[in-house]
Each structure stands twice: as C-alpha cells, then as structure tokens.
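Q: how would this look folded up:
(2 chains)
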Amino acid sequence: MALDQSFVGRSYPPTEPYEVGREKIREFAEALGDTTPAYVDPDAAKALGHPDVIAPPTFVFAITFRAAGEVIQDEQLGLDYSRVVHGDQRFEYRRPVRAGDRLTVTSTIDAIKSLAGNDILDVRGEVHDENGEHVVTAYTKLVARAAENPGAEKPGAEKPAAEGKGEEKSDG
Amino acid sequence: MAESTVTGPAYADVEVGTQLPPQSFPVRRETLVRYAGASGDFNPIHWNERFAREVGLPDVIAHGMFTMAQAVRVVTDWVGDPGAVVDYGVRFTKPVVVPDDGVGALVEVSGKVAAKLDDTHRTVRVDLTATSAGQKVLGRAQAVVRLA
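A: From the prediction side, this is the model:
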C-alpha cells in the first residue's frame, strides 16, 4: 500500500540533545579498528585544528537514525517497520562532530515514492550543536519492501534497517 | 575550520585518476558484535545466524554502516585529517556475508580521484569501490574531501 504523499515535507520536533563523549568516540573507532590519533588524542586533534577529539565520519548515524525512528514509527505514516531496509546513506558535513558537542536532530520527510510495490522514504536529519550551528546533514533512504506473500507470517519485526539486503535481493 | 598543520596530499599535486592506497578490512563475528555495541545497532541479522536465515539471508551479514565506515578510511587515511571530509554517500547494494568459520569476510576498498571540484576550496571527489567475495557491496560510493 502506497504511503500518503501528504507526509512529504513534514518535519518532526528536534530531539533532546545528545552529548558526544570522548570515550564513546574511542569505543566507536576501536570497533572499526581505526587507530587515527585525532579520534582518541585531544592533542593530535588540536594539531589538525580541531578543539577536541573528532568522531569518524559515520559516527553521527547512530544519532540521526535514532531520530529517524520517530518517522519510521509514526503510526499515521504507517510504514511497515518489519520490512524496512537501508537503501542509501549520505552525509553533508559543515564540520566534523567532536567531543563535547550537544547535538539535536530535526528530521524531515524529503520524499515518498512507490516503486514496484516498494515504499521508498527519504528522510533528512539536520544536526545542530548547542549554539544552533549546523554541523552535518544526514540523508537516509529507507526502502519498505513489498509484501511478496501477503498474510504470511513474517519474522524480523524487531528492528528497522536490515542494511545490505539492498535492491538486488532475489526473492525466488 | 582552522587550517590543518598536518599536510596530506596537496590539491595541486593531485590529478583526476590519482589512485588512493587500497586497503582490506577483515570482518569476523566478533567485529560485528563490537560494532553493534559501539553503534547501538543490535539488529540480530548482524550476530544471530538462526535469525538471519529465518529472514532469508544466507548467513549473518555486516552492518551496512560498518562497511560504509570502513570504506571511507581509504580517504581519511589518505588525507590525514578525517575532518577534511565534506560529503560522503553510498548505496547499499549487496550484503557482506560473515560466516562463523574463524576467518570471516574481507572488505576490499580502493579509491581514485574522479574530479577536482573547486580550486578555491581545494576539494576533490573520490570514487570508492568496495568488494567482498568478489561482489561490489557499495554502489555510488563517493566522498568529497578538502586537500591541503
């Protein structure tokens, strides 16, 4: 069932601030096996011109995706949560996220399309710091896959984005 | 942003077609468990084989955002300052399948300068290619980065 086009352009209220901590950045970098000094050493970050340690470029997704959850779970929109996969992701940076930032996210539905029974939802997350300065914008394309067998029991309602199942899944 | 005092490749020295040093990133189940904790993405398709198969996947798969995070390291390691990335986007085309065989998977990433965008801001576009088990796992993977 196609989603209601009238939701295009709808914005959701800004999230409560997320405070970026040095140790959370360290944990994230370590999980990637990335030993870039500017992620863990304030002096190394300062040598690059940053006031404190900076976060890897994709770190902010955890924050913007949580904010996008409000859209995904908006009952009025009626997206089938259990069928959502992550299609595309893009970030536009004004500056890197850094320790000490208190970030809020304002999510907006940029587009709703229907393609071969799939609902495609473009969500934009504008991230601002505690001074109201723009830090980064996250563009997230979510695809709610068509129900290939309506009425069949579907496991996997636990969580939204099964990334990577992408466009080319053969449903056989 | 303040100018970097660490010099990466200079804009003047970089040409369209310049190759970035390629890198390979091993992915094991443990890697995904650690990434799940660090990112807060606990979707069981990334650590529970039974669940992954139930939803039609061949096995546990890596988080798409994990692969996206690894791929851009080819760019950030090249420029030296991760804060120089001004734009980064990918499409998730194929999953990175991570078997529980003690070896796991390998994500191989290469990149090349596809365009010199702005002589004033010294920005270039890097096109990235990421493969695992011979399959392209990211599409339209592009980063715009500011050079020295």
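Q: Please, which helix or strand holds the spatially closest residue to residue B:16 that is not a sequence neighbour?
A: Among residues not flanking residue B:16 along the chain, residue B:113 sits closest, at 5.6 Å (C-beta to C-beta, 6 or more residues apart in numbering or on different chains). All C-beta spots, glycine's among them, are computed from the backbone N, C-alpha and C. Residue B:113 belongs to strand B:105-118 when assigned by DSSP states H and E.
Q: Now that strand: buried residues?
A: B:105, B:107-114, B:116-117 (16 or more other C-beta atoms under 10 Å in any protein chain shown).
Q: Pull out the buried positions in the lowest-mean-pLDDT helix or strand in chain B.
A: The weakest-scoring helix or strand in chain B, judged by mean pLDDT, DSSP states H and E, is helix B:49-54 (a mean of 95). By 16+ other C-beta under 10 Å, the buried positions in helix B:49-54 come out as B:49, B:51-52.
Q: filter those down to the ones near chain A?
A: Contacts with chain A within the buried residues of helix B:49-54, as defined by C-beta under 8 Å from any C-beta of the partner chain: residue B:51.
Q: right, and out of the buried residues of helix B:49-54, which lies closest to chain A?
A: Ranked by distance to chain A (C-beta to the nearest C-beta), the buried residues of helix B:49-54 are led by residue B:51 at 7.4 Å.
Q: Test my guess that the closest one contacts residue B:44.
A: Yes: using C-beta atoms under 8 Å, residue B:51 makes contact with residue B:44 at a distance of 4.1 Å.
Q: Just to be sure, residue A:25 is in a helix?
A: Yes: secondary structure of residue A:25 (DSSP: H, G, I helix; E, B strand; the rest coil): part of a helix.
Q: residue contacts, residue A:4?
A: A:76-78, A:112 (C-beta atoms under 8 Å, 6 or more residues apart in numbering or on different chains).
Q: for the residues you listed, which one is nearest chain B?
A: residue A:112 (18.6 Å).
Q: Can you give me the neighbour number for the closest one?
A: 20 (other C-beta atoms under 10 Å in any protein chain shown).
Q: Assumed it was part of a helix.
A: No: under three-state DSSP, residue A:112 falls outside any helix and is assigned strand.
Q: can you give me the helices in chain B?
A: For chain B, the helices defined by DSSP state H cover B:29-39, B:49-54, B:64-71, B:73-79.
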